[in-house]
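Trainee: Curious how this folds, go ahead:
(2 chains)
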Amino acid sequence: MILAVAKNRLFNLRRDRAAFVLAFVLPVAFFTIFAGIFSGSGRSSTRRIPLAVVDEDGSDGSRRFVAALRAEAGLDARTAPEAPEAKDGAAPPPPYTAAAAEHAVRAGDLPIALIIPKGFGERPIVFGPGADRPTLRVLADSSDPIAPQVVQGLLQRVAMTAMPGAMARGGMEEVDRWSGGLTPEQKARMEDALRSLDAPPPPGQAETPRPAATRAGAPGLVAVDVRDVVGEAKRNPTVTFYAAGLGVMFLLFSATGAGGALIEEAESGTLDRILSTRISMTRLLIGKLLYLTAVGVVQLVLMFVWGEIFFGLELLPHLAGFAVMTVATALASSAFGLMLASICRTRMQLVAIANLSILLMSAIGGSFYPRFLMSEKLQRFGLLTLNAWAIDGFQKIFWRDEPAWSVWPQVLVLVGCCVLFVAVARRVARKWELA
Amino acid sequence: MPTFALPLEIRELSKSFGSRPALDGVQLSLSPGEIVGLLGPNGAGKTTLVRSVAGRVRPDGGTLRIFGMEPERDEARSARGWVPQEIALYPLLSPTENLWTFGRYQGMSKAALERGIRKSLEWIGLADRADEKTDRLSGGMKRRLNIAAGTIHEPRLLLLDEPTVGVDPQSRERIYAMIQELRASGVSLLYTTHYMEEAERLCDRIAIIDHGRIIASGTKDELVRQTVGGRQTLTVEAESALPAALAAELSRRGGQVDGASARLPVQAAGDEIRGVLETFHAANVPVRNLTLQSPSLEQVFLQLTGRELRE
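Mentor: A predicted model of the protein is given here:
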């Protein structure tokens, strides 16, 4: 008898495809996606942190340091902007200056930049309080909280392994200064040893750091000054990201839920009745799009106003850009909900497909976890989602303080998606028209 | 719009779903202010025919005109009202909001809509519950609101698809009264039902559809005459089982004897009843009850389709 009950449920599960997908396909799909996002972030094969390098020193030592940074697997160190497309005869872009590097970070082209000051190659380390030592300047965009930490660690490591002579010489000078002075004989022997350290590596041996050397220097031996050039004036930097990320995700959920009214109308016979009146399917869909968009706009306004009141999100100075992005995002999300509702035949189907697609888009589109922390492959893949474009647009406005017109690529994509989704919905909705 | 055009005119209408024909040369018309009852067994093509008139099914062949117009045209949509069998309303909206919605979908102006809603709510007896959620109304109230949603724009042709299914007798009477009022105001109605007494009571003309064709059409009397003829049935019940001699005599007259009762076909009721009573008297069998029954639509239907209406 008890087994019969279980078997009855099994029959049901076999017939109910939506429940089947929810039970077995969804968990595996999500495991795969989240495993891809989170396990990939720490591996060199996935995410390399782009780093603009400005060598103001230009010494042998600093050049060796830059070369070692370029060879570092965790970094994508560039001394000049990437050429847009290799063209024959086109001059390569000029190297970064300190100002150009700062501009690139502010514009979001790179998360971080390094400026190597004059004298660094000669004296990378100096001990003692108030010591006048050359300090590496790191310009960061704190919307990526991880990049500055990783870069600081790697700078210490690379300095120790790429400039062993300069480091040791600095150490020797400090010993000389604080120990009361080395004898000339001791100094001569040290110089011999230092020359061998400064010699270039034999041919065939990579300039990359030796594993044994990675722990040679204690963290902080090289002076590094990190400055947040984008978020330094922000009251609450992370809230911008979450307002946009979660806002878009909930917009998608609510638009899909409300779009499901179409299925209810079809199931109850109300849609049949409506289509016998003077309203056409096209008008019906556009009317529903209008409603869903209006609800979406109110939702985002509510979220951002709440953020302004309680979390220091700066809404008022960014009203124009916010308005543009909000309408574009609401339009695209609403059209997406309408399209899903048109495709599905039952509410159950809609719930399953909506959950799967929205959580998937939110995961790879950066609603849960910033895209710039994902591997480059996933970052590119994320551009297939509405979330990524919407979040990028809101970030431009709220994080980078860019003007409203600067979000035109995001608006173009979102409005384009809206048109495409409505067209698909209209095409699929023919199933409800004349028999 | 041609002034002479009939509210509904259907000629040689055909429609197939795959290889299965649903309509096969349907001919039907409605005159102004006329109620035509559409009867037929399940699967006979009633729903396809009504949905064709409602503009929800595109026929494969033949013509269908509403006041001389194609059913898809806006003027035809305005002239036509459809009350589907399902309660096709928004359950969370109030009666007022439901009526507003369907009125606006029919292109009614704000002023006309306000008047129409007030009038409709009075007409269906829901003025005092105008702002409650529809799903809190009783089954009969929802049925009445369903009708009002199809008539808010004052159509001149109304399609009523089983409007009394599942309602109590009191609500049914109220719906009958509403239908009579519609007819009195000049609306033409195409009425599908499974209740024979409803068709007999409300409809001026009855069309019987089977296998996608209208197999008979006319008033009830015309249909009876054309099919089962004018013969009535006389049922005589005695106090006790009929003696063999009497049973034999009644059988000779075409009667059927079953224990203490006998059923006889009669053509001229007045003369034949006297003769039957005399036969019983002569056999010394006292008569306890006497019933004279005219031919019913049910018999007509059975005769024409070979099936009960509810099959």
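
Trainee: May I have the distance across stretch A:64-82, first residue to last?
Mentor: In stretch A:64-82, first residue to last residue: 21 Å (Cα to Cα, to the nearest Å).

Trainee: Who are the contact partners of residue A:253?
Mentor: A:354, A:358 (Cβ atoms under 8 Å, 6 or more residues apart in numbering or on different chains). Where C-beta positions appear, they are placed from N, C-alpha and C, glycine not excepted.

Trainee: Could you point out the helix or strand that follows the helix or strand it falls within?
Mentor: Assigned by DSSP states H and E, residue A:253 falls within helix A:237-259. Where DSSP H and E defines the elements, the next helix or strand beyond helix A:237-259 is helix A:261-268.

Trainee: just to revisit the earlier point, pull out the buried positions in the helix holding residue A:253.
Mentor: A:237, A:239-245, A:247-259 (16 or more other Cβ atoms under 10 Å in any protein chain shown).

Trainee: what about the closest residue to chain A within the stretch 101-250 of chain B, neighbour count?
Mentor: Closest to chain A within the stretch 101-250 of chain B is residue B:105: 4.0 Å, counting by Cβ to the nearest Cβ. Residue B:105 has 22 neighbours, counted by other Cβ atoms under 10 Å in any protein chain shown.

Trainee: Please apply the same query to residue A:109.
Mentor: 15.

Trainee: OK, contacts around it?
Mentor: residue A:81.

Trainee: any idea whether it is helix, strand or coil?
Mentor: When classified by DSSP: H, G, I helix; E, B strand; the rest coil, residue A:109 comes out as coil.

Trainee: mind listing the strands in the chain by residue range?
Mentor: Reading this off chain A. Per DSSP state E, chain A carries strands over the ranges A:49-55, A:75-78, A:112-116, A:136-140, A:224-228.

Trainee: try again with chain B
Mentor: B:8-17, B:20-30, B:35-39, B:61-66, B:80-83, B:157-161, B:188-192, B:205-210, B:213-218, B:232-238, B:256-258, B:261-266, B:287-293.

Trainee: Mean neighbour count, mean pLDDT and distance to residue A:11 for these - can I get that in a markdown table?
Mentor: As requested, the strands of chain B are exported to a markdown table (neighbours: other Cβ atoms under 10 Å in any protein chain shown; pLDDT from 0 to 100; distance: least, Cβ to Cβ, whole Å):
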| stretch | mean neighbour count | mean pLDDT | distance to residue A:11 |
| --- | --- | --- | --- |
| strand B:8-17 | 18 | 94 | 30 |
| strand B:20-30 | 19 | 92 | 30 |
| strand B:35-39 | 25 | 94 | 40 |
| strand B:61-66 | 19 | 94 | 44 |
| strand B:80-83 | 26 | 95 | 38 |
| strand B:157-161 | 24 | 95 | 35 |
| strand B:188-192 | 25 | 95 | 37 |
| strand B:205-210 | 23 | 92 | 38 |
| strand B:213-218 | 18 | 90 | 41 |
| strand B:232-238 | 18 | 87 | 52 |
| strand B:256-258 | 15 | 86 | 49 |
| strand B:261-266 | 19 | 86 | 51 |
| strand B:287-293 | 12 | 88 | 51 |
